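>>> Give me a 3D structure for the following:
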Amino acid sequence: MPSAPPDDIGTRLRRLRQVYGLTQRELARRAGVTNGAISLIEQNRVSPSISSLKKILDGVPLSLADFFTLDFSAADSVFFTAAELSEIAFGPDISMRMVGNRIKDRALQMLLETYQPGADTGEEMLRHNGEECGIVVTGTLLVTVGAQEKLLNPGDAYYFRSDTPHRFRNPGPEPCTLISANSPPSF
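Now for the predicted structure:
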């Protein structure tokens, strides 16, 4: 049996339901139709009338126009292996590996950072729009934010407005690893 074309109503309905995290039963309950009706449409065994399809889409809710024009097939990646984290070069002693660099319109930037012993983001303090936070996983990190400075150990964290001048240094004898996030993305 040939597979259904990617833009048929049944396939679009199944993808829509999956994007919204709904079971067939939950969508049927929300729309006031039977579970069997959803199943038959998704299998392309019946073609719903416009009014029936609108009733089902009201359970999401989603307009008929959006149902037929939204791209449900090209979902952004959700999971990333360690090898898929993109290196943002900050110098030979600092590694910043970013999660999801190909995701369009990101509102958040998450990094796995490693500072080798003696590594420093530089004499000139960093500044950019937004907020940032991080948690030290291994080693120690000296964080300067404005006039404040603190040596952070594993499990310690920071959170500040990124337009405040800031700097990161590893004064310890071992590499420092930290998980950080910026919003909006600064790289």
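
>>> mind listing what's buried in the helix of greatest length in the chain?
In the chain, taking DSSP state H as the definition, the longest helix is helix 9-19. For helix 9-19, the neighbour count (16 or more other CB atoms under 10 Å) marks 9, 10, 11, 12, 13, 14, 15, 16, 17 as buried. No exception for glycine: its C-beta is placed from N, CA and C like everyone else's.

>>> In this structure the last one contacts residue 24, no?
Yes - using CB atoms under 8 Å, residue 17 and residue 24 qualify as a contacting pair, with a distance of 6.9 Å.

>>> just to revisit the earlier point, next secondary structure element downstream of the longest helix of the chain?
helix 24-31 (DSSP states H and E).

>>> average pLDDT for that next one?
Looking at helix 24-31 alone, the average pLDDT works out to 93.

>>> Identify the contacts common to residue 17 and residue 24.
38, 42 (CB atoms under 8 Å, 6 or more residues apart in numbering).

>>> Between all of the buried residues of helix 9-19, which two are separated the most?
9 and 17 (12.3 Å; CB to CB).

>>> which residues touch residue 39?
residue 24 are the contacts of residue 39 under CB under 8 Å, 6+ apart.

>>> same thing but at 10 Å, please
Shown in contact with residue 39 (CB atoms under 10 Å, 6 or more residues apart in numbering): 10, 14, 24, 25, 28, 45, 46.

>>> for the helix or strand of the chain with the lowest mean pLDDT, the distance to its chain's centre please.
When each helix and strand of the chain is scored by mean pLDDT, DSSP states H and E, strand 86-89 comes last, with a mean of 83. Centroid separation for strand 86-89 versus its chain: 17 Å, with CA atoms, centre = their mean, to the nearest Å.

>>> Sheet partners, orientation included, of the helix or strand that comes right after it?
Using DSSP H and E, the helix or strand that follows strand 86-89 towards the C-terminus is strand 94-98. Under the criterion DSSP bridges, strand 94-98 sits next to strand 86-89 (antiparallel), strand 109-115 (antiparallel) in its sheet.
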